[in-house]
Structures are given as C-alpha cells and as structure tokens.
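1. Below: sequence and its predicted model.
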Amino acid sequence: MKTTVGVKMWLTVMGIFLGVLGMLQGGIPSVLAAQNTGIEQGKLMTAVRRVEVRETPDDGAAVIMTYEEGSAVFAIGESVDGWYRVIYQGQEGYVPENALHAQEIDVEGLDAEMAQEAEEARFMIETIERYQSEARRSKIWGGVIVALIVGVFAMGIISEIRGKKEDGHRNDDGV
Amino acid sequence: MPKKFSCTYLTHLCICLLLTATMLFIADTEIAGFPAYTLILFLIVLTWLVCRVVYAGRAGQAFLSIHYFADTVSAAAIVCAVCFAIGKLFRNPDGGAIDFSWNAEVIALALICLLVSAGIQFRPLYFDLILYSSLLVSGIFMLTYFVDMDIWDRANAVFADSGIMASYFMLVSMIGVYGYCVNRDRLRSAFYLFAAGIAFLALFLNKNVISLWLMVIYFLAVPVVLCPTAALVKRVTQAFFLYGLMLSNMSLLTEYTQILCKDISYAPELSVYLDLLMAAGGIAFVRYWDRVPENVDRERLVLRRMQKKYRFLLKMTLALFIVIIFGGSGWNEFPKETGVLQGMLGLLAASLAGEAGRGKSGFLYCFQNMGVASGLFLIFYLLVLTERMRVNYREEKTLTNILILVSVLFMLQMLFWNPGIHNTAVYFFLLAAASFHQEEYRQAMGVRVNAADLLMEIQEIK
C-alpha cells in the first residue's frame, strides 16, 4: 500500500515535473520571441511625401505631428497592417507604410568617409600643435635676441663709464 | 656766451645728431611730399653751417675757406645743385609738385665735405654712436627673421632692399672689428666683438654675396693699411675666424633647423669649403705665430713678413673677385663635379657673379636720376677725394687709415648697388674725415729683429 502510494506520488511529481519541462521547452522560443520583440530593431526611413503621424494606426486618429517630404524618420520594427510605428522625441505614432521609403545606407562609403574625416582631424590637430610649438620657439628666440641686444648695449655703456672714470683717476693722479 | 656753447662743442653736437639720426632713421617716410630723412639731413647740416658762420672769427675759428681742390669741387657742387633747383622752379609753369630731394641731398653732402675740411676733431665717440644706434636696427632686423609676427610687415618693407641693408651692416661690421682690434680694455673689446658679431649675423641673413666678399677683403686689408703689430694681427685674425665660423654654419641654420621664419638658403657644400679654407688658413697662421716669442710686448712687435703675406692674399682675393665679376653668367656652366677645388670655385663664383648681375650700380642710379653730367661730376668728385686720401695716408695714422679703408669699400659698394641716402650720408662723412682729418701721430722707429735673436735676448734678460 505504502509502496503504491509512494509510487503514485513519485509518478505524480515526475509527471508534474515533465509537464512543466515540456511547457517550458515549448514556451521558451515564444518567451524569447516576446523578449526579442521587447528589443525592437529600428531603421532609418525617408518620407516620400508630406505625411501625418497619427496616434493610432487609423486614418481618422488624431494627428501628433507632420513629416515633410524628404524628412528622415526612425521606424520601429516592421510594418503591421500597412502602418509603421515611428518614434520622435520620445513620442510614438503611426505612419502609413506607403509614405516611407527605406534609406539605402552605403556602409562602406560611410566608413571610408568617417576614416577620412578622422584623418583630416588628426592632420589639423598636428598642424595646430606644430604652429603652437613654432610660436613658442619664436617667442624664445625673440627673447634671446632682445636679451642679447640689451646686454651688448649695457656692456658698451658700462665700459664707457668705467673708461671715463679711469681716465678721471689717471688725470687726478697726474695732477 | 657760456664756454660750453663753443663752435667745437656745437659742431660735435651736430655730428652726433647727424650720425644718430642717420643710423636710426632708415625708413622711407615723407613729410608733405618731401623725404623725411633728406629734410632732417639738410636741417642738421644747415645748423652746422650756421654755427660755423656765427662763430667765424672767434677764438681762431675761420670761416669756410677753400684750402684744397676738393673744396672747390664741393663749392661747385653746391652752386650747381642750387642752380638746378632754381631751374626746376622756372621749368614748372603748371605749378605742380617739384622734387627737390636730390638737390637737397647734394647740397647736404657737399656741405658735409666743406665743413669737415674746415677742421673737425674726429672722436672715437662717433664710431660708438654708430654702433649703439645700429644695435636697435640690427635687433629689429633679426627679430623679423626669427619671430613670425604680423607687426613685422612695415619693418619687412623697410628692410626689403638688400643692397641698402648690406651697406648698413657692412659699416657696423667694419667699425666693430676696428674697435675690437685697437681697444685694449677687456669689457670694451667684448662690446665691439659682440656688436661686430651681431652685424655679421645680420649680413648673413641679408644674404648679399658681394657684401660677404667685401668683408673678406676688409679683413685682409686691415693688417695691410694699419701698422701690423702682433696684437693687431692676432685680433683681426680672431675676428676673421669668427666671421668664417659663423658663415660656415649658416647652412646648418637654414637647411637643418626650423628656427628661421623666412625662406633663405645656404648651400651645405659652402660649409664644407669654408671649413677647409679656414683649416688651411689656420694651419698656416699658427705655424707662423709659433715663431712669435711669448714674453714680448705685442703692441711693439711689428710683423712685416705677416703683412707681406696678407698683402699677397689681398691682391689674390681682389684679382679673383674681379675675374669672377667679369666672367658673368658664364660661371654657371663651370663644371663643379670634377674635384674639390673646382667645386669650391664653381660654387663661390656662380653665387658672386649671379649677385653682381642682379644689382643696379649706385653710379647708374645717379646717371638715371640726376643726369649724365651729375653722374660724371660725382665720379670726378670721388676721384679728387681719393687723391686727398692718398696724400693723407700714413701708416702711423691708425684712425685715418681705417677711415680710408672704409671709404674705399664704400666706393666699391657703389659699383654694385645703390647704398641709399641714409648710408651715403654717413659714408660721406667718413670719406670727408678720411680726406681731411689731420690726425696727430708719432713717427715710429723700427728695428728689424730676427725671431731667433729676439728669443735669445729675452732668455738673457731672464
């Protein structure tokens, strides 16, 4: 009797365990999918005409804002029922999918452009640093030249005064 | 009248003012359409003349009299300039602006010669004033090369003419070297040497090749025109060595450092050739100098044999100078790759001949701006003054001889470029002093001594 109860209990526990396990296995992708939809991917699109952003995906819904033709629009996820969900300055809205056109981004071109701009910026920094060091060097040499001229001038004046004093002493001794 | 305001004192004051104003005021500015410096020069010289006239007859001061033929020529120049000025007035019926600047300049320069010949006491202070005034200009000149600032635009315009700046710095160099050679006070000698060194650097930065050659001629000529005492020869050789050392290192400064803001270039081969020449010259000099006994008063020991060698070197350098100038642009095709001597000669000759071909002679400038008659008159005047200098030359007259040497180099400069009115005024004053200054001197008695005998005598005395 005890054995039968024990087995039944064990079987029940095992059954519950397996059931939960089965549920979990079947449900993980959907959970993940649910989590994936939480990390929604966005894409940059362009408005092909003047288009109004509505609160809900309905032509009669209230208008939140308006995109002009050519404006860059950040659409979240894929279109659902012919509407794209867009986000602008923290506000969400809906735009008809025929009003938006996906931007073709030349990734390699952008990389090259960014590399070139980085190179130019580096060159400009080096040039500015070179000009600064040249200006510093010029100031030092300017100071050296001014000190030299003043020193030589002072040398001349001092030697002249000393010479006159010695001549004066010599004349006094002579007298 | 207080004794202080004597004619001599006022003359001395006018000369000091003339030299200081000339050396400081090198910019080409105008006052009411008239060149400012010409006006200043004319006023100072006129003041000097008025002092002379006012004090005529007092305390032995004679009125300007014609003693020499050069005085007659000076008076004729003044009369011609005045007549030309009056002629300009009559030939200008429209009443437009008339340029009297060169008339004023000719009158001022001729008056300087007349007033100097009437008798002045040439003082060493005049050389010192030239050096002190030039220090400021040299400093600004060097700053435009070492410091890159927008405020130098005006200064760069003033320093643009390399001929005028070459004349300016050559004058300072020659006076600095002379002061170093004759002065015995240590601090004073150092002042002269430093002033000369600054002028050398300014000359090298100016990069007028002819001026560099003329300075070499000056160094070789100093022991020839002055009494070649051992002290003088030692000092002039030291200054020459400083000159050569600085010049040979200019290529390092211009090609291998970024210290200078302006674009000037010296060939690196020049450094090598100059170092070789200095080494050879140094060896020859030291071998001769070893024979000079140690415990001998170098002020009284005269090195005649050394003077002969310097005279030979001077003649060779002058001959080479003339040959290269007459060779002209043909030196550019001289092969430089076949050896050291060929390379040296090719490099030196090409640069000198190129510079000579570029410049416009001061005499040509006179012919163009003042007329053929005025140009010929100037040449005649300089020949007359040269004859006066020849008569006034005596080996014992140190100051007169150096004035003569400076004047001769001034006339050589006029062959290659126009020195400008500023430099011409100072050089003319020195030229007049060289021609008319009566320097007191003592005739030296010389005894020819063999070096070996002198050594024995010294040992006997010991």
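-> Alright, I've got the coordinates. Numbering: from 1, shown residues only, chains lettered A, B, ... in the order given.
2. Next, name the residue at the spatial heart of the chain.
-> Chain wasn't specified; assuming chain A. The residue lying closest to the centre of chain A (CA atoms, centre = their mean) is A:Met114, at 12.3 Å.
3. sorry, should have said chain B
-> For chain B, the residue sitting closest to the mean C-alpha position, by CA atoms, centre = their mean, is B:Leu171 at 3.6 Å.
4. rewinding a little: next, the residue nearest to the centre of chain A: secondary structure please.
-> Here A:Met114 is recorded as helix under DSSP: H, G, I helix; E, B strand; the rest coil.
5. ok now do it, which residues does it touch?
-> Going by CB atoms under 8 Å, 6 or more residues apart in numbering or on different chains, A:Met114 touches no other residue. (Glycine included, C-beta is placed from N, CA and C.)
6. ok, so what distance separates it from A:Gly42?
-> 21 Å (CB to CB, to the nearest Å).
7. for A:His101, same thing?
-> For A:His101, the distance to A:Gly42 - CB to CB - is 16 Å.
8. now swap in B:Thr8 and tell me
-> Taking CB to CB as the measure, B:Thr8 falls 100 Å from A:Gly42.
9. got it, and B:Leu301?
-> B:Leu301 is 100 Å from A:Gly42, by CB to CB.
10. Between these two, which is the more surrounded one?
-> Each of B:Leu301 and A:Gly42 has its neighbours counted (other CB atoms under 10 Å in any protein chain shown); B:Leu301 has more, 17 against 12.
11. mind checking the backbone torsions on that one?
-> In terms of degrees, to the nearest 10, the main-chain angles of B:Leu301 are phi -90, psi 120.
12. Next, the distance between the ends of stretch B:109-127.
-> Chord length of stretch B:109-127, first to last residue, is 19 Å (CA to CA, to the nearest Å).
13. Does chain A have contacts with it?
-> No: contact of stretch B:109-127 with chain A (CB under 8 Å from any CB of the partner chain) is absent, the minimum separation being 8.8 Å.
14. And that stretch, what's buried?
-> Within stretch B:109-127, the residues that count as buried by 16 or more other CB atoms under 10 Å in any protein chain shown are B:109-120, B:122, B:126-127.
15. ok, B:Phe90 - how many residues close by?
-> Close neighbours of B:Phe90, defined as other CB under 10 Å, add up to 7.
16. B:Met170 too?
-> 28.
17. any idea how far chain A is from it?
-> B:Met170 sits at a distance of 18 Å from chain A (criterion: CB to the nearest CB, to the nearest Å).
18. Return the closest of the buried residues of stretch B:109-127 with respect to chain A.
-> Distances from chain A to those, taken as CB to the nearest CB, are shortest for B:Phe127 (11.2 Å).
19. Which neighbouring elements make contact with the helix or strand encompassing the closest one?
-> Using DSSP states H and E, B:Phe127 sits in helix B:124-146. Contacting helix B:124-146 under the criterion 3 or more CB pairs under 8 Å, 6 or more residues apart in numbering or on different chains; DSSP states H and E are the following elements: helix A:107-174, helix B:7-24, helix B:152-158, helix B:162-182, helix B:186-206.
20. residues contacting residue 122?
-> If you meant another chain, say so; for now it's chain A. Contacts of A:Arg122 by CB under 8 Å, 6+ apart: none found.
21. wait, chain B
-> Residues in contact with B:Phe122, defined by CB under 8 Å, 6+ apart, are B:Leu399, B:Leu403, B:Ala433, B:His437, B:Glu439.
22. Could you look up the SS state of it?
-> coil.
23. What pLDDT does the model give it?
-> Predicted confidence (pLDDT) at B:Phe122: the value is 88.
24. how's chain A carved up into domains?
-> Using automatic domain parsing, the domain parsing of chain A gives A:1-39, A:42-105, A:106-175.
25. Tell me the residues of chain A that contact chain B?
-> So chain A meets chain B at A:134-135, A:137-139, A:141-142, A:145-146, A:148-149, A:151-153, A:155-156, A:158-160, A:162-163 (CB under 8 Å from any CB).
26. For the longest strand seen in chain A, C-alpha coordinates in CSV please.
-> As assigned by DSSP state E, the longest strand anywhere in chain A is strand A:72-80. This file holds the C-alpha atoms of strand A:72-80, laid out as CSV (Å, rounded to 0.1, in the frame of the first residue of the first chain):
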residue,chain,number,x,y,z
ALA,A,72,14.4,61.3,-42.0
VAL,A,73,12.0,59.0,-40.0
PHE,A,74,13.0,56.4,-37.5
ALA,A,75,10.6,53.4,-37.8
ILE,A,76,10.5,50.7,-35.2
GLY,A,77,10.1,47.2,-36.3
GLU,A,78,8.3,46.0,-39.4
SER,A,79,5.1,47.4,-40.8
VAL,A,80,1.9,46.0,-39.3
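27. Who are the packing partners of that strand?
-> Checking 3+ CB pairs under 8 Å, 6+ apart, strand A:72-80 ends up next to strand A:42-47, strand A:83-88, strand A:91-96.
28. can you map out the strands along chain B?
-> Going by DSSP E, chain B shows strands at B:30-31, B:34-35.
29. List the neighbouring strands of the last one plus their orientation.
-> Each strand that strand B:34-35 pairs with, and the sense of that pairing, follows from DSSP bridges: strand B:30-31 (antiparallel).
30. who touches the strand it pairs with?
-> B:Ala36, B:Leu39.
31. Wasn't A:Ala61 part of a helix?
-> No: counting by three-state DSSP, A:Ala61 is not found in a helix; it is coil.
32. you'd agree it is up against A:Glu55?
-> Yes: taking contacts as CB atoms under 8 Å, A:Ala61 lies within contact range of A:Glu55: 4.7 Å.
33. need the residues of the stretch 151-300 of chain B near chain A, please.
-> Residues of the stretch 151-300 of chain B lying near chain A by CB under 8 Å from any CB: B:Asp185, B:Leu187, B:Arg188, B:Ala190, B:Phe191, B:Phe194, B:Ala195, B:Ile198, B:Gln258, B:Ile259, B:Cys261.
34. what about the first one, distance to B:Val106?
-> In other words, B:Asp185. Going from B:Asp185 to B:Val106 by CB to CB gives 41 Å.
35. Quick check on the two: which one has the bigger neighbour count.
-> B:Val106 (22 against 14).
36. Burial check on the nearest residue to the more buried one once chain neighbours are set aside, number of neighbours?
-> Distances taken as CB to CB, 6 or more residues apart in numbering or on different chains place B:Ala81 nearest to B:Val106, at 4.2 Å, with adjacent residues excluded. Residues near B:Ala81, counting by other CB under 10 Å, number 22.
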